Structures are given as C-alpha cells and as structure tokens.
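In: how would this look folded up:
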Amino acid sequence: MVRASLAGAGLANLLLALGVAFLLGGIRYHEQQYNPVASRVDSTMMLLAVISMSIPSGFRRVLGGDEPMAYEQSINLGIALALLFAYFLSLLFMLKTHPDLFKSVGGAEQHHTEGERWSVGRAVVTLVVGSVLAAWMSEILVGAAQGTGESLGISDTFIGIIFLAIVGGTAESGSAIAMARKNKVDLSIGIALGSSVQIALFVAPILVLASYVVSPRPFLLAFSRVEIVSMFLVVLIGTIVAGDGRSHWFKGVQLITLYLVIAMMFYFLPAGH
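Out: Numbers count the residues shown, from 1 in each chain. All right, here's what the predicted structure looks like:
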C-alpha cells in the first residue's frame, strides 16, 4: 500500500490536481500563460525518477523471478541515494544557479504581497506541527482505509493509488487549484509538478533509507508493471500537455478524463497484478 500511495501521489498531482486547476482557471480566464521551461525541468525530473524506480522491478522480473535477488537491496539503496543526490542538485539549480529560468510569466498583475509576512521561526514551528499532525492523521487514515477496503472488497492497490493519494495530497491540490483560479498558473504548476518531484526524488528515497532503521526489512522500490507503465505514461502526457506555456479549460478536461480511466483500471485490476 505504501508503494501504491507513492505512485498514486504522482498520478493525482499530475492528472487530477493539475487537471482541475486548468479546468477552473480556464473557465475563469480564456487562456492562461506560464513559463514552460520550469514545467519541462520538473517533467524531466519525474521521467528520471520513473525510469530509475522501474529498474529494481525489472531486475527482479527479468533476472530473478518473483523472489528477491541477493544484490537487489544494493541496487535499491544505490538508486535511492542517486535520486536524493539529483533532488538536492535540482534545488541548487532552481534556487541558486539558474533562478532566472523559473520566473513567472503569467498573471503578473496579481503577484503582490497578500497579508502579513511570517517570521522564519513562526513558519518553521507551523511546518513542524503540521507535519506531526499530518503523520498522525495519516496513520489513522491508513488503518481505517484497510478495514474499509476489506469490508468492501477493494484491493489495497486501489486504496493506495486513488484514495490515500487524493486524501494525502489535498493540501497541495487545493493550493494548486486556488492559484490557478487567481491566474497564478506558474505557481499552480510549480505546486503540482513540484510535489510530484518531491515525492519521487525525496520521499521515496527517504523511505528506503529509513526502512534500514525502523523496519524489519528494507523497503524496496519494486513497483508492479501496471504501476510503472501508468506512471511513465502519465509523466509523458503531463510533459506534452504542460510544455507549451499555455493552458485552457479543455486541457483540464483531458487530464481529468485520463485520471478517471486509470482509476477505473486499478479498481477492476485483479489483486496481485
């Protein structure tokens, strides 16, 4: 279920959140413009992550069958470290060496300061408290979701990819949609794509590293074939849709439709596939 929720978070951000943002923003504005360079960088990082995470699964299925191989943990750990390294370098690229490439181009008339600016201390305390509460609520949610899934006959994969991913990403999705409604499309896309990149290149590797300390066995990035193919296709579609610097409501319809199709596929997918 953990692996499914990681895959589902990318699907929900790239298709559902971005689709709703494009739809509602496009209803309010005839056409919205944004910086395509930033979206291409995030899309490339997502493609890098999906290709990297498909390697452990490919090694097991092609060379080792269904049983873990002796060196699978080493491959898994190496990929996790490589993704973390790429993530931190991407932050350096965006924030220090090339911030000019990520300047907003759309909705500039609304880029004024709104409300009081928080101090660093207040922001850090709020972030820590929010993270602790989110972790506590996630624990409750996962337990409730497992029981509900068993009683309704829904697979753990569907619960993780659809239900937990949507609920867990409500804050990011809501922010992306709200920014699109304010014509701040650059910020909206940055939230949706950036959240996906953060989960794929930071959260997933951290789970791998933390599993060596808190788990009885290491957490492996061994996604199913259907999950890997779905993530790859979604990243490809997201790159095409978000790469031209313009959005309208019909782009949102296209992304939402694809998300519904994938959700139906996972709902009817037999367990173990």
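In: next SSE after the worst-scoring helix or strand of the chain on mean pLDDT?
Out: The weakest-scoring helix or strand in the chain, judged by mean pLDDT, DSSP states H and E, is helix 120-152 (a mean of 70). Per DSSP states H and E, the first helix or strand lying C-terminal to helix 120-152 is helix 156-158.
In: residues in contact with the helix or strand following that next one?
Out: Using DSSP H and E, the helix or strand that follows helix 156-158 in sequence is helix 165-168. Here helix 165-168 makes contact (C-beta atoms under 8 Å, 6 or more residues apart in numbering) with 5, 7-9, 11-12, 16, 138, 141, 173. Glycine gets a C-beta too; all of them are placed from N, C-alpha and C.
In: Sort out for me which of those are in strands.
Out: For these, not one is inside strands, with DSSP state E as the criterion.
In: Of these, keep whichever come out buried.
Out: 5, 7-9, 11-12, 16, 173 (16 or more other C-beta atoms under 10 Å).
In: from these, which is closest to Ser54?
Out: For these, the minimum distance to Ser54 (C-beta to C-beta) is 11.2 Å, reached by Ala7.
In: Surely the closest one is in contact with Phe223?
Out: Yes: because the distance of 6.1 Å satisfies C-beta atoms under 8 Å, Ala7 is recorded as touching Phe223.
In: Mind listing the shared neighbours of the two?
Out: Counting by C-beta under 8 Å, 6+ apart, the common neighbours of Ala7 and Phe223 are Met231.
In: mind listing the strands for the protein?
Out: Applying DSSP E to the chain gives strands spanning 32-33, 246-247.
In: how about TSV for these, with mean pLDDT and distance to Ala192 added?
Out: Shown next, in TSV, are those (pLDDT from 0 to 100; distance: least, C-beta to C-beta, whole Å):
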stretch	mean pLDDT	distance to Ala192
strand 32-33	87	14
strand 246-247	86	12
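In: which one of those strands lies closest to Val214?
Out: Of all those, strand 246-247 comes closest under C-beta to C-beta, at 41.5 Å.
In: what residues does the closest one touch?
Out: By C-beta under 8 Å, 6+ apart, the surrounding residues in contact with strand 246-247 are 22, 25-26, 31-34, 185.
In: got it, and stretch 176-195?
Out: Stretch 176-195 is contacted from outside by 9, 13-14, 17-18, 20-22, 24-25, 28-29, 32-35, 38-39, 42-43, 46, 102, 104-107, 110-111, 169, 172-173, 175, 238, 242, 247, using C-beta under 8 Å, 6+ apart.
In: Buried members of those residues into ChimeraX, please.
Out: Burial among the contacts of stretch 176-195 is assessed by 16+ other C-beta under 10 Å; the matching ChimeraX selection reads:
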select :9,13,14,17,18,20,21,22,24,25,29,32,33,34,35,38,39,42,43,46,102,104,106,107,169,172,173,175,238,242,247
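In: Does Thr239 touch Asp42 like I think?
Out: No: Thr239 is beyond contact range of Asp42, at 9.1 Å (criterion: C-beta under 8 Å).
In: any low-confidence regions in the protein?
Out: Low-confidence segments of the chain, defined by pLDDT under 70: 1, 60-70, 105-115, 131-132, 134-150, 152-153, 271-273.
In: how about the strands of the chain in TSV, adding distance to Phe158?
Out: Converted to TSV, those look like this (distance: least, C-beta to C-beta, whole Å):
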stretch	distance to Phe158
strand 32-33	33
strand 246-247	29
